[in-house]
Structures are given as structure tokens and as C-alpha cells.
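**Q** Turn this into a model:
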Amino acid sequence: MSDGAGGASVKEITTPGLLQRLTHLPREARDTLFLLLVIAWLILPQVGRLPVWCSAMAAAILLWRGAIALRSQSLPSRWWLVVLLGLAMGGTYFTYRTLLGRDAGVTFIVVLLALKTLELRAQRDAFVVFFLGFFTLLSNFFFSQSLLLAVSMLIGLMGLLTALVSSHMPVGKPPLRVAAVTAGWMCLLGAPIMVVLFALFPRVAPLWGVPSDAMAGRSGLSATMQVGTMATLALDESIALRVRFEGRPPPQRELYFRGPVLSTFTGREWLPLRSNFPQRLQLGPNLQVQGDPVKYQVTLEGNNRPWMLVLDATPEAPGIVGYTPYMNADLQWVVDKPLTDLVRYNVQSYTSFTHGPTRLNTGLQDFIDLPPTFNPRTLQLAADMRRDPALATADAAALVAAVLQRLRTGGYTYTLEPGVYGTHSADEFWFDKKEGFCEHIASSFVLLMRALDIPARVVTGYQGGEVNSVDGYWTVRQSDAHAWTEVWYAGRGWVRVDPTSAVSPGRTGSFQRLQAPRNAVTQVLAGALSPQVALNLRAFWDAANNRWNQWVLNYSQSKQLDLLRNIGFESPSWEDLSYVLIGIIVAVSLVGAAWTLWERHRQDPWLRLLHRAQARLARVGLTLPENTPPRQIADLLRQRLPETTAAPLTDWLLRLEAWRYAGQPNVESFTSLQRAFRRLPWPDNLHP
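**A** Modelled structure (predicted):
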């Protein structure tokens with residue numbers, strides 16, 4: 001593939017007539033520019049994951065190659081390619097300390113794809129670019145399998161197929177629209193095969209299984225909580241999980257999805273319980289449930305964490321394929337390995353329950369300990385409360401009620417932007433700032449409880465969610481991340497207390513979430529769309545993503561076996577899947593072979609070849625009746641085309657007629673006529 005574009009200065013290229021100049025570019029330059037645009041489209045989704053130098057290098061090379069096509073300049077020498085290849089290898093090794101592995105391999109492939117365009121001289125080079133382009137397209141799914149990416153890569157696939165079809169079309173300047181239509185038909189014809197392979201090809205893991213480090217950098221709950229960090233999750237509107245309830249869902253104020261429980265405070269950060277040697281008595285969950293269970297199904301986004309998110313409280317292990325769930329001492333359900341893929345599990349939870357020890361023991365001391373020299377004013381506040389005659393003999397419930405009343409009436413506010421807290425975070429909350437996000441409130445509340453010698457701990461997770469009016473699923477986002485507390489009451493065990501509700505009752509009762517400050521783009525979009533339209537669009541998009549997750553990403557071997565049961569297999573296995581798939585392939589192949597034989601017998605090969613020639617001429621403006629003989633077609637071509645252009649076509653038509661009617665059919669083989677037809681130089685148009 002070479003460039004034949006006429007010379008053009010930079011000034012001319014940037015004039016208002018650029019579009020007209022692009023329209024009249026020679027075919028080689030036009031096809032090259034189209035291919036460069038497709039390559040840029042394939043690389044674009046990975047820009048955020050590639051090293052900066054790789055993205056910059058690929059963009060510079062593609063722009064350089066586009067300028068060469070526009071100006072009809074010579075391609076750079078191979079020394080340039082050797083130098084750039086060396087820089088790419090060095091950059092990849094310097095970044096990853098290896099040339100192997102997923103990240104290094106994808107980085108290197110992207111650079112090779114861009115570099116290969118600089119030696120795009122012949123059709124063979126174009127085929128290498130197409131191959132690398134298809135590989136780059138697939139590599140996007142190593143990092144994400146979202147619906148948006150799938151749609152984007154489908155567009156990229158159409159672009160690559162269009163460029164591939166165009167490279168096989170005869171000389172001249174056939175419109176890209178014609179190649180795109182052919183590529184579209186190829187996709188449609190291949191779609192049934194894709195569906196069959198997707199449904200029946202045996203698999204042992206969810207679709208698009210990727211290494212566990214694919215989730216690196218994914219936002220979500222952490223195993224620890226530093227005061228002031230959870231507020232960043234409120235800025236993240238990505239989905240954490242989806243829930244489908246069987247029957248009526250619980251009230252929104254009871255939707256607490258339990259995550260890590262944090263019991264050790266270092267002065268700045270909350271950590272899971274870490275008792276010193278000798279270990280104190282380890283407390284079990286001692287879960288007791290009452291009432292009717294809430295049955296629901298959770299679709300959890302991969303988060304590279306080992307915990308499952310379920311409603312408080314769940315006594316029985318959720319049903320999850322490929323993992324071993326167990327409940328730890330903090331009433332949290334975890335699995336034996338990180339959840340790197342989208343998973344779905346069925347759960348039964350009880351919103352009425354008790355758990356933990358009912359009598360005071362040495363193990364509860366872990367939930368009273370405080371680090372020395374931190375928050376002295378909070379400690380003094382606890383001492384003052386204990387000296388208050390009204391609270392001197394109060395039990396834990398009365399002291400909790402007193403602190404919650406202080407939160408309601410003391411001028412405390414719930415905000416995403418409380419500013420930076422210092423070393424004594426609880427002191428600043430109770431006496432100085434009096435504002436914070438949920439983790440500021442929960443942390444300060446637990447520290448005050450412990451200063452009052454009441455066992456308390458922080459629980460993190462998600463609270464609430466919103467129902468999607470399109471598909472009926474409850475959507476829980478990262479912005480629903482929440483921190484609440486559990487306080488130990490004698491005779492009752494651990495009791496959930498959400499101090500944020502005292503400061504902002506709407507946070508847990510009526511889905512009143514704090515909104516992140518809008519940037520300029522968000523403000524423009526908000527001004528262009530009414531709030532209701534924006535909510536409806538978001539609901540439709542979430543529902544579409546949910547269907548994609550349920551039907552595609554979470555299509556596992558169990559669903560394949562269920563499909564076989566529905567068509568009559570009693571105890572299907574993966575061998576049965578293979579037999580069904582092979583049977584379908586053989587059946588389709590036999591039908592195709594029978595169709596081909598019938599088509600050959602139905603129509604004379606000579607007539608079929610003549611009709612192909614007539615159809616090709618119809619594309620460029622010469623429409624003829626089906627019974628027009630070759631000699632008459634040749635006469636019409638002589639009238640409409642210059643002699644040099646018409647000669648190869650008329651010569652072939654006369655040879656075709658001679659083979660049929662000259663009485664000497666063996667003078668030239670019919671196969672040679674077919675090969676010659678594919679090499680004919682068809683004109684761009686035949687309009688008079």
C-alpha cells in the first residue's frame with residue numbers, strides 16, 4: 001500500500017477547503033488516513049492505562065504517517081524504524097522491568113502497531129497492520145469488559161473490516177461506503193456463529209477471565225480507614241453492586257451491606273482487630289436471627305477484595321460458584337480468594353438479629369483500648385459526662401442516647417468537604433470544625449464511646465441504594481459507601497448505631513446523598529437536560545449495563561448446562577456441550593455444502609460469471625438487462641470509455657463470448673476467465 005496524494009503545503013492543508021481536498025485525495029492516501037483513524041480509535045481506550053511515553057509516541061507516529069499520506073512524501077528509512085523500535089523496547093523494559101507479561105506486552109504491541117504504519121508500502125504490509133489491529137482490539141478486554149468498551153470495539157471491528165475489504169477491492173477508487181456495507185454483511189453473517197460459540201463453547205470460568213491484577217486501581221472499600229479518605233468514594237458514581245429482591249424489599253434505612261469491621265485505632269487510621277500476644281479471648285459472631293428472611297440476588301462488581309457484600313445479617317453461606325465463603329468473627333462474609341471478576345450469588349438475610357457476647361468478658365477490652373496521647377479533649381469530655389449527675393450511673397444505652405442528642409443539637413453538619421483534619425481528629429470534630437463526612441462522625445463517636453469505657457467499633461460498607469425503574473434492580477454505587485458503628489450493650493451484644501443519621505437523617509432514610517461539586521462539562525450537560533431526563537437516561541444506561549453483566553459477563557458453565565437441561569439433557573456435562581457444538585457445526589457445514597451444490601446446478605457457471613460482470617458495471621452506472629450478450633456490452637463500453645480504458649474489459653467480454661459460442665470451448669479454460677475477471681481494471685463511473 002503506497003501513498004499517491006498530490007503535494008500540498010501545510011498552509012493549504014489547514015485552509016477551509018480541507019474537507020474538499022480530503023474528498024478528492026487519491027485512493028491510497030484516503031485508505032491510509034482511514035486506517036490511521038481506525039488504529040487511533042483502537043488505542044484510545046487504553047491511553048489511561050498505557051505509560052505516558054507510549055501514548056505520546058503512538059500519537060506522534062500516527063500524526064507523522066498521516067502527514068506523509070497527505071503530502072505524498074516518501075516513507076522514512078529503515079534506520080528510523082530501528083531507532084524508534086529500540087526506544088520502544090527500552091521504554092517498555094524501563095517501565096515494567098520486563099518485556100513479557102500482560103501490561104508490557106500490550107504496551108509493546110501498541111507501539112509496534114503504530115510503527116508498522118511507517119512501512120506501509122504494499123498489501124502485505126497492510127495485512128500485518130490488520131493483524132496487529134485485531135490483536136490490539138482484543139487486548140482492550142484484558143482490562144475492561146464493560147458494555148461501553150464492547151460497543152466501542154464493535155465500531156473498531158467494523159473499521160478494520162472496512163479497511164480490509166477495501167484493500168481487496170479492484171483498482172480505482174471504490175467508495176468506503178461500499179466496503180463498509182460489505183463489512184457489515186460479514187459481521188451479520190458471522191453473528192450466528194458467534195452466538196453459537198458463545199452459548200455452547202465449554203468454559204470453566206466467567207467470560208473474559210483476566211489475571212487478578214486487572215483490578216488494580218479500582219476504587220472501592222478498603223481494608224482500613226484513614227479519617228478523611230472515605231469522602232473520595234462519594235465522588236465515584238461507578239456501580240459497586242446490584243441487588244434483585246424477591247418480593248418486597250426492606251425499607252431503605254435497613255439496607256446496610258456489611259464490609260470490613262475496624263476495631264484498632266492507631267491515632268490516625270482504623271485497622272481490623274490486631275490483639276497483642278498473649279491474645280485475648282477471641283469473640284465469635286454468636287448470631288441469632290428473628291423474623292422472616294429477606295431473599296435477594298447480588299451481582300457484585302469485581303473489586304480485587306475477598307469480601308462479599310451482604311445485608312446485616314446473613315447466617316447461611318451465600319451460594320457462589322467457584323469460591324468458598326465463610327463468616328469471620330466480625331459477622332463479615334469473605335471468600336478464599338479476591339473477587340476479580342463479576343460474580344453473582346443468592347442470599348438470605350435477616351434485618352432483625354442479635355450477635356456478639358451478651359456478657360462482659362476480657363475479649364471486649366480490645367474494643368475499649370485507645371492510643372495514648374491522642375484526643376485529650378475528647379477524653380476530658382467523657383470524664384465530664386461521667387461526672388454529670390444525670391449520667392453518673394447511666395448504662396450504655398443512655399450514654400449513647402446522650403451523645404446522639406449532642407450530635408443533633410450541637411450544630412454539627414454532614415459535608416463532603418470538612419477540610420484537613422490534624423492529629424487529634426476527634427477533638428477537632430467535637431469542638432472545632434463540627435463538620436465531617438460519615439467516617440469523621442463514626443470515628444469520633446467510637447472514640448468517645450471508648451473514652452466512656454463502652455466497647456465500640458467502626459463498620460464500613462454500603463448503605464441504601466436506588467431502585468432502577470427500568471429493570472427493578474437496586475443499584476448501589478461507590479458513592480453509597482458508608483461508615484457506621486456498633487456499640488456493645490450488656491445482655492444484647494453488638495448493636496448498630498449510625499451517628500451520621502443523627503447529624504443528617506436523610507442520609508439513611510430518604511436517599512439524600514451529598515453531591516460532588518460539578519465541573520464545567522457537568523454544568524453544561526446539567527443545563528442542557530432536565531433533571532428527570534437525566535435520571536431516565538441514567539436508568540436506561542444502568543439497566544443496559546446490568547443486562548450485559550447478567551447475560552454476557554456472568555454467562556458461566558452452570559448457565560450452559562442449564563441451557564442443555566432446557567433442551568432435554570437430564571444430567572448434562574461439558575462433554576455434552578462439546579457434542580452439541582460439534583453436531584451444530586457438522587449440520588451447518590452439510591447444509592452449506594448442499595446449498596452450494598444446488599446453486600451450481602440451478603445456474604450455469606457461465607451465466608453466473610456474466611451476471612457478476614453486469615452487477616459490477618451496474619455499480620459504476622451501466623445498468624443492463626440480464627439477457628444482454630457480452631458483445632453488446634463490449635460495444636456500449638467502447639462508446640462510453642476511452643479506448644485504453646475499455647480495451648481490457650471488451651477483450652475479456654469477447655473471450656467470454658467466444659468460450660461459449662465459438663464452438664471451441666477448450667481454446668481457453670473457464671478457470672482462466674474467472675481469474676482474469678478478478679484482475680480487470682474497472683472504471684470509477686460510466687455515467688454519460
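
**Q** tell me which residues in stretch 47-55 are buried?
**A** Arg49, Leu50, Pro51, Trp53, Cys54, Ser55 (16 or more other Cβ atoms under 10 Å). To be clear about C-beta, it is placed using only N, CA and C from the backbone, and glycine gets the same treatment.

**Q** Please compute how far it lies from its chain's middle.
**A** Distance of stretch 47-55 from the chain centroid (Cα atoms, centre = their mean, to the nearest Å) equals 18 Å.

**Q** One more: stretch 581-601?
**A** Computed by Cα atoms, centre = their mean, the chain-centroid distance of stretch 581-601 equals 38 Å.

**Q** mean confidence for it?
**A** The predicted model gives stretch 581-601 an average pLDDT of 79.

**Q** same check, this time on stretch 432-451
**A** So the average pLDDT for stretch 432-451 ends up being 91.

**Q** Of the buried residues of stretch 47-55, which pair is most distant in space?
**A** Across these, no pair lies farther apart than Arg49 and Trp53, at 13.4 Å, counting by Cβ to Cβ.

**Q** circling back to that earlier point, tell me the one of the buried residues of stretch 47-55 nearest Leu255?
**A** Using Cβ to Cβ, the shortest approach to Leu255 within these belongs to Arg49, at 33.9 Å.

**Q** Which residue, neighbours along the chain excluded, lies closest to the closest one?
**A** Spatial nearest neighbour of Arg49, excluding adjacent residues (Cβ to Cβ, 6 or more residues apart in numbering): Phe143 at 5.8 Å.

**Q** now Pro371
**A** Gly267 (4.5 Å).

**Q** if I read this right, Gln332 contacts Arg258, doesn't it?
**A** Yes: between Gln332 and Arg258 there is a contact at 5.7 Å, judged by Cβ atoms under 8 Å.

**Q** Pull the number of nearby residues for Asp542.
**A** Neighbour count for Asp542, taken as other Cβ atoms under 10 Å: 19.

**Q** what's the answer for the one 4 residues further on, then?
**A** One way to gauge burial is a neighbour count; for Asn546, by other Cβ under 10 Å, it gives 21.

**Q** Pro251 too?
**A** 10.

**Q** what does Gly506 give?
**A** As a burial measure, Gly506 scores 11 neighbours (other Cβ under 10 Å).

**Q** Distance-wise, check it relative to Arg253.
**A** 10 Å (Cβ to Cβ, to the nearest Å).

**Q** Just the buried residues of stretch 632-648, please?
**A** So stretch 632-648, judged by 16+ other Cβ under 10 Å, has buried residues Ile633, Ala634, Leu636, Leu637, Leu641, Ala646.

**Q** Closest one of the residues you listed to Glu237?
**A** Ranked by distance to Glu237 (Cβ to Cβ), those are led by Leu641 at 61.8 Å.

**Q** Excluding chain neighbours, give the residue nearest to the closest one in space.
**A** With Cβ to Cβ, 6+ apart as the criterion, Leu641 has its nearest non-adjacent residue at 6.2 Å, and that residue is Pro683.

**Q** Could you verify that that neighbour is part of a helix?
**A** No: counting by DSSP: H, G, I helix; E, B strand; the rest coil, Pro683 falls outside a helix, being coil.

**Q** I figured it hits Pro642, correct?
**A** No: when contacts are counted by Cβ under 8 Å, Pro683 is not listed as touching Pro642 (9.4 Å).

**Q** one step back: and the residue nearest to Leu641, what's its pLDDT?
**A** 81.

**Q** That one - how many residues pack around it?
**A** Residues contacting Pro683 under the criterion other Cβ under 10 Å number 19.

**Q** Tell me the bridge partners for Leu262.
**A** Taking DSSP bridges as the rule, Leu262 bridges to Val458.

**Q** wait, it sits on Val227?
**A** No: applying Cβ under 8 Å as the test, Leu262 and Val227 come out as separate, 11.1 Å apart.

**Q** what sits in contact with each of these two?
**A** Trp270 (Cβ atoms under 8 Å, 6 or more residues apart in numbering).

**Q** list the contacts for the residue nearest to Pro371?
**A** Residues in contact with Gly267, defined by Cβ under 8 Å, 6+ apart, are Pro371, Phe374, Thr423.
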